[in-house]
Every structure is written in C-alpha cells, then in structure tokens.
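Trainee: okay, here's the prediction I keep looking at, along with the sequence it came from:
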Amino acid sequence: MGFFSYYKEEVEVIKERDPAIKKNIEALLYPSFWAIYHYRRAHKLYKKGHIFRARKISQRAARKTGIEIHPAAEIGKGLFIDHGHGVVIGETTIIGNNVTLYQGVTLGGTGKEKGKRHPTLQDNVMVGAGAKVLGSFTIGENSKIAAGSVVLEEVPSNCTVVGVPGIIVKQDDVKIPRNDLDQVHIPHPVQNELKRLSDENQKLLEMIHQLAEKIKE
C-alpha cells in the first residue's frame with residue numbers, strides 16, 4: 001500500500017473513532033498515524049528477512065511517537081491508537097481488524113513463555129488506557145478491557161473485563177451475576193479467597209477459645 005492510499009484509509013479510521021479531528025489533514029499530527037505507517041513498512045521488510053532494517057525503522061518510530069510496535073507483530077486493518085504514548089506491542093502479538101488501543105497499553109509477555117508469548121486480539125477489541133494484557137492467550141472479538149486492568153488469562157467474545165487481575169463482569173451485554181457487584185465494589189477472586197481464609201481463621205480461633213474455657217473448667 002502506498003502512502004496516499006494509507007493516508008485515505010487511516011483518515012477514515014481516525015474520523016470514525018476520535019471526535020477531536022476536524023480536518024483530514026490533522027491525521028498527520030497523530031502519533032498513531034506515523035507509528036502504524038512505519039510498522040507496515042517494517043513488517044514487510046521483516047517478512048522478507050531484512051530483520052535489522054525492520055528493527056531500525058520500528059525503533060526510530062518508537063522514539064518519535066512513543067509507540068513501540070515490533071515489526072514481527074501481525075496487525076489487521078483499522079487499528080487505532082488514541083494518543084498512544086507508552087503503547088507497547090510485542091513480537092508475537094496478533095491483532096485483528098478495527099481494534100482500538102489507548103495510551104499506556106501493553107500487549108506483552110509474562111517472561112515465562114517461549115514461541116508465541118504475546119496476546120491475540122480478535123476483531124473490534126478495545127483496550128483502555130494503561131491496561132496490560134500479558135501472555136499468549138486470546139481476547140475474543142468485541143470485548144472491552146477497562147482502563148488500568150491487568151489481563152492474565154483468556155477472555156471470550158463480547159465480554160467486559162475490569163480489575164487487577166482482570167475479571168469478566170459482563171458477557172453478551174448481560175452482567176455476570178454477583179450479589180455485591182456495583183461500579184465501585186467489584187468482587188475479586190483473590191479478595192474472595194482472602195476473605196474465605198479469614199473467616200475460617202476466625203472460626204478456628206473461636207474453637208480454640210471454647211476449648212481453652214472447657215479446660216479451665
């Protein structure tokens with residue numbers, strides 16, 4: 001794809017997802033415009049075996065835009081990176097069509113895997129500001145990752161994920177049934193386990209106290 005074809009395509013992507021743009025020419029001011037453009041160039045070189053040249057282009061683009069995209073990543077059409085500073089897309093990441101990433105997003109690895117180490121994002125996924133998706137699992141199509149979340153395991157399609165580590169709170173526009181779920185008090189598997197252990201500990205202390213009283217008698 002030539003520059004002007006890319007420009008026309010990217011302008012439509014930006015206009016669709018960012019109401020701040022007023023004129024087409026403003027697309028040239030978006031860091032994501034240049035980051036993705038240079039990624040496309042670097043990716044072609046990488047596939048042809050020109051590894052050093054590809055990495056050189058991607059690293060130069062990272063310094064200029066604040067967005068680091070490894071040239072080996074597989075990225076579909078319509079990727080939009082809003083603001084973009086601090087975004088990192090790892091080597092074995094696979095991104096489908098019409099995906100949206102906000103600033104500070106990391107699509108990274110855990111450091112424990114080999115081969116496919118980074119996540120796969122299917123079509124129409126949205127990842128909020130500062131969210132981290134770490135590992136070689138899949139985020140299903142149309143799913144949303146809330147800002148600041150840390151996702152460490154697979155997410156089915158049409159889900160909303162929040163928290164650290166991330167938990168699914170909605171699927172197919174239906175809230176996951178949790179008696180104590182509201183916008184502030186979100187149940188969390190680790191917190192729930194700690195509460196269970198605390199309750200058991202309290203029961204044991206009560207039993208010990210009762211036994212001590214009987215011994216005194």
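Mentor: Looks like it arrived, so ask away. Numbers count the residues shown, from 1 in each chain.
Trainee: when you work out contacts or count neighbours from here on, use the C-alpha atoms and nothing else.
Mentor: Will do.
Trainee: what's the closest non-adjacent residue to residue 37?
Mentor: Excluding its sequence neighbours, the residue lying closest to residue 37 (CA to CA, 6 or more residues apart in numbering) is residue 6, at 7.5 Å.
Trainee: average model confidence for stretch 65-72?
Mentor: Computed over stretch 65-72, the mean pLDDT rounds to 96.
Trainee: biggest helix in the protein, by residue count?
Mentor: Assignment by DSSP state H gives helix 189-216 as the longest helix of the chain.
Trainee: mean confidence for stretch 204-217?
Mentor: 82.
Trainee: got the contact list for that stretch?
Mentor: The set of residues external to stretch 204-217 that reach it, using CA atoms under 8 Å, 6 or more residues apart in numbering, is empty.
Trainee: distance from stretch 19-30 to the middle of the chain?
Mentor: Stretch 19-30 has its C-alpha centroid displaced from the chain centroid by 25 Å (CA atoms, centre = their mean, to the nearest Å).
Trainee: using CSV, write out every CA atom in it.
Mentor: Extracted C-alpha coordinates of stretch 19-30, given in CSV (Å, rounded to 0.1, in the frame of the first residue of the first chain):
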residue,chain,number,x,y,z
PRO,A,19,-14.4,13.3,17.5
ALA,A,20,-11.5,15.7,18.1
ILE,A,21,-10.4,15.6,14.5
LYS,A,22,-11.9,18.4,12.5
LYS,A,23,-10.0,18.3,9.2
ASN,A,24,-8.4,15.4,7.3
ILE,A,25,-5.0,16.9,7.3
GLU,A,26,-4.9,16.7,11.1
ALA,A,27,-4.4,12.9,10.7
LEU,A,28,-0.7,13.7,10.0
LEU,A,29,-0.4,15.1,13.6
TYR,A,30,-1.5,11.8,15.2
